[in-house]
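Undergrad: Coordinates for the following, if possible.
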Amino acid sequence: MKTNKSRSWLIALTILTATLPAFAGKKLEHNKPDRPAIVVGMVVDQMCWDYLYRYNNRFVEGGFKRLLNEGFNCHNTRINYIPSVTAIGHASVYTGSVPSIHGIAGNNFYSQCKSLYCTQDEAVRTVGADEGKSGQMSPRNMLSTTITDELKLATNFRSKVIGVALKDRGAILPAGHSADGAYWFDDQSGNFITSTYYMDKLPRWVERFNNRKLAKKYLRDGWKPLHNKRSYVESVADENNFEQPWKEVAKATLPLDTRKLEKEFGLGVIRTTPMGNTLTLDMAKAAIEGEELGTREDGDTDFLAVSLSSTDYIGHRYATYSMEIEDTYLRLDQELKEFFDYLDGRYGKDGYLFFLTADHAAAHNLTFLEDKKLPGRAWRVDIARQKVSEICQAQLGADAEVFIDIANYQVFLDEAKIDELGANRQKLYDAICRELANMPGVAYAVQSDRAGSASLPEDIRTRIVNGYNHNRSGSIFVILHPGWYSHRGDKAAQGTSHAVWSPYDTHIPLIFMGHGVEAGHLYREVHITDIAATLAFMLKTQLPSGCIGRPITEILDHD
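TA: As a prediction, the model looks like this:
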């Protein structure tokens, strides 16, 4: 006689046997995370947040206005470290981290008393042009993974990641360590190049693109204003005393004979024209098509990191209230419309995730500020260098070469040599801080490793702590009064600069649009480091290895 237990097993076995044919020949299906076909990240180099609104009445439908109407706009996005420069900005957007952790402490910085460029790598060679330093670049100096690295990890490296920019650092740092390619512009050849870190030979699609010689073509046409010059009401007069002329070759005015400039200065002139953005977006489309990004049969997400570098070059030469800057952003607006139309046609409006941000913003020109009776003047960094050198010699002897440089608003000293000499390091630091703090324009001079306990406003203290990497930053941070920035010599400053803590340098745009994003506005403060964290949750990946950012949950919280 069967027990109840054995009868139950018989019933279960009968049910299982009956259902097996229904599964015969079928593969088990795994539900993949809801990810877009492609993510396109765009960093507009040196874009001030208020440009979105200053030029808004002349934007076309479908460019910046589309971002503002259809995207999720984080109005109060701040950079939470100093110095606010290009390399750090790109690294921080994509790592969700700060110089203290990711190690990119400037465009150039000192490591073990030697000058180091952020992406410098002498172990690799140039690919795509004649051998030279322009291609000896890689992401090896960056100590954290990026969101692009984490996407590769999340898909077992099936996802493709490509970085494109005129600047090497604008392509390399966003693309991360495990990228399939990063491409930047070589002034000598007019080619987009890469390094042996990524590959030994350019892909055929890059060779075809380079063979079109677009840089030379665009420079042949010149830079003419998009509209009648009298209609540029958001700018000062085109001819003024605070823009930087092209030496004796050309004034800093429009129209600009770029063919003439190319003959004098070479193809690199395109960097300081809106055509540099055009060239970069052309290359971005070529990358999408050449690598077939976002068309994977396995459904895995690809990533294209684009940085528009020309806005920075133009800003440095012409400053924030120039006709050239206004014209550049009106042109970029039209090009964004064309780019969005291209992405829509290729992926559908919901098929891609797009975000736009900046690596930093910019100060107003010092002469402009003076003319308008606004605070801000030149901090004489040449005099500061002389003062620090004299203090070091007075305390340690005339032959004690311990002063290295003042760069990134930091004093670099040879600390090992100071210890070797048996000097009182604290006494030296205190003397330098006192002297610098007494200079016109200096609000604080702070010993880097004591900034956390210094009597400073909390925001400034946090920015110093986040920006200080003990192997790659200076021994002392110099904090200037609002409106001031470093300048050498007693001639009037032309163009502009950036790198300080003030909102004009650290308030940047951030807008997400596309797949999984609903239109919205956010006014609470978020940080540049929150971008990678937000992307990690949107893409269902791990956070980058050095990430200190927090996801912007308002973007994620919707039905």
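Undergrad: Please make it C-alpha for all contacts and neighbour counts, starting now.
TA: Fine.
Undergrad: low-scoring stretches of the stretch 1-150 of the chain, by residue?
TA: Applying pLDDT under 70 to the stretch 1-150 of the chain flags residues 1-31.
Undergrad: Asn210: what's it in contact with?
TA: Listed by C-alpha atoms under 8 Å, 6 or more residues apart in numbering, the contact set of Asn210 reads Gly190, Asn191, Phe192.
Undergrad: Can you tell me how far the residue lying closest to the second one once chain neighbours are set aside is from Glu264?
TA: Spatially, and ignoring its direct neighbours in sequence, Asn191 is nearest to Asn210 (5.3 Å; C-alpha to C-alpha, 6 or more residues apart in numbering). Relative to Glu264, Asn210 is positioned 22 Å away (criterion: C-alpha to C-alpha, to the nearest Å).
Undergrad: what's the answer for Ser322, then?
TA: 24 Å.
Undergrad: Then Tyr110?
TA: Distance from Tyr110 to Glu264, by C-alpha to C-alpha: 33 Å.
Undergrad: Which one's more surrounded, these two?
TA: Neighbour tally, Tyr110 and Glu264, criterion other C-alpha atoms under 10 Å: the higher count belongs to Tyr110, 21 against 12.
Undergrad: Not counting the one helix or strand that one maps to itself, show me its contacts.
TA: According to DSSP states H and E, Tyr110 maps onto strand 108-111. For strand 108-111, contacts defined as C-alpha under 8 Å, 6+ apart pick out Ser115, Leu116, Tyr117, Cys118, Ala407, Asn408, Phe412, Asn471, Arg472, Ser473, Gly474.
Undergrad: buried sites along stretch 145-156?
TA: Neighbour counts over stretch 145-156 (16 or more other C-alpha atoms under 10 Å) mark Thr145, Thr146, Ile147, Thr148, Asp149, Glu150, Leu151, Lys152, Ala154 as buried.
Undergrad: Pretty sure Gly546 is one of the things the first one touches, is it not?
TA: The reference is to Thr145. Yes. Between Thr145 and Gly546 there is a contact under C-alpha atoms under 8 Å: 6.9 Å.
Undergrad: Need the overlap of contacts for these two.
TA: Thr95.
Undergrad: hang on, Ile288 in a helix?
TA: Yes. Counting by DSSP: H, G, I helix; E, B strand; the rest coil, Ile288 is part of a helix.
Undergrad: how about the helices in the stretch 201-350 of the chain?
TA: 204-211, 214-221, 258-265, 275-290, 310-318, 323-347 (DSSP state H, counting those that start in this stretch).
Undergrad: In TSV: the ones you listed, plus mean pLDDT and distance to Glu518.
TA: What follows is these, written out as TSV (pLDDT from 0 to 100; distance: least, C-alpha to C-alpha, whole Å):
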stretch	mean pLDDT	distance to Glu518
helix 204-211	98	35
helix 214-221	97	37
helix 258-265	97	42
helix 275-290	98	25
helix 310-318	98	28
helix 323-347	98	17
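Undergrad: do you know which of these lies nearest His527?
TA: Proximity to His527 (C-alpha to C-alpha) singles out helix 310-318 among those, at 20.9 Å.
Undergrad: quick revisit: buried ones in the strand holding Tyr110?
TA: Within strand 108-111, the residues that qualify as buried are Asn108, Phe109, Tyr110, Ser111, counting by 16+ other C-alpha under 10 Å.
Undergrad: now the first one, which residues is it bridged with?
TA: It refers to Asn108. Bridge pairing for Asn108 (DSSP bridges) gives the partners Tyr117.
Undergrad: tell me the mean pLDDT for stretch 166-180?
TA: For stretch 166-180, mean pLDDT rounds to 98.
Undergrad: cool, stretch 375-384 as well?
TA: On average, the pLDDT along stretch 375-384 is 97.
Undergrad: Kindly export it (C-alpha atoms) in PDB.
TA: C-alpha atoms of stretch 375-384 as PDB (Å, rounded to 0.1, in the frame of the first residue of the first chain):
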ATOM      1  CA  PRO A 375      34.900  93.500  -9.000                       C
ATOM      2  CA  GLY A 376      37.800  91.500 -10.200                       C
ATOM      3  CA  ARG A 377      41.400  92.200 -11.200                       C
ATOM      4  CA  ALA A 378      44.600  90.400 -12.100                       C
ATOM      5  CA  TRP A 379      46.400  88.300  -9.600                       C
ATOM      6  CA  ARG A 380      50.100  88.700 -10.500                       C
ATOM      7  CA  VAL A 381      51.300  85.100 -10.500                       C
ATOM      8  CA  ASP A 382      54.700  86.200 -11.700                       C
ATOM      9  CA  ILE A 383      55.100  88.300  -8.600                       C
ATOM     10  CA  ALA A 384      53.800  85.500  -6.400                       C
END
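Undergrad: how far is it from where the chain is centred?
TA: In this view, stretch 375-384 has its centroid 26 Å away from the chain centroid, taken as C-alpha atoms, centre = their mean, to the nearest Å.
Undergrad: List the contacts of it.
TA: Identification of contacts with stretch 375-384 by C-alpha under 8 Å, 6+ apart yields 366, 369-370, 406, 436, 439-442, 480-489, 493.
Undergrad: Filter these down to the ones in helices?
TA: Leu366, Leu369, Glu370, Leu436 (DSSP state H).
Undergrad: Am I right that the first one is in contact with Ala493?
TA: Spelled out, it's Leu366. Yes. With contact defined as C-alpha under 8 Å, Leu366 counts as touching Ala493 (6.3 Å).
Undergrad: before we move on, back to that, quick one: buried ones out of the ones in helices among the contacts of stretch 375-384?
TA: For these, buried by 16+ other C-alpha under 10 Å: Leu366, Leu369, Leu436.
Undergrad: In TSV: these, plus distance to Leu279.
TA: Shown next, in TSV, are those (distance: C-alpha to C-alpha, whole Å):
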residue	distance to Leu279
Leu366	32
Leu369	33
Leu436	44
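Undergrad: domains for the protein, by residue range?
TA: 38-361+506-556, 378-487 (automatic domain parsing).
Undergrad: For the first one, what is the distance to the chain centroid?
TA: With C-alpha atoms, centre = their mean as the basis, domain 38-361+506-556 stands 7 Å off its chain's centre.
Undergrad: okay, which residue is most central for the chain?
TA: Of all residues in the chain, the one closest to the mean position by C-alpha atoms, centre = their mean is His90, 2.8 Å from it.
Undergrad: which residues sit against whichever helix or strand that residue is part of?
TA: Using DSSP H and E, His90 sits within helix 86-95. With contact meaning C-alpha under 8 Å, 6+ apart, helix 86-95 is reached by 43, 45-46, 97-99, 102, 104-107, 118, 142, 144-148, 169-170, 173-174, 358-360, 528-532, 544-547.
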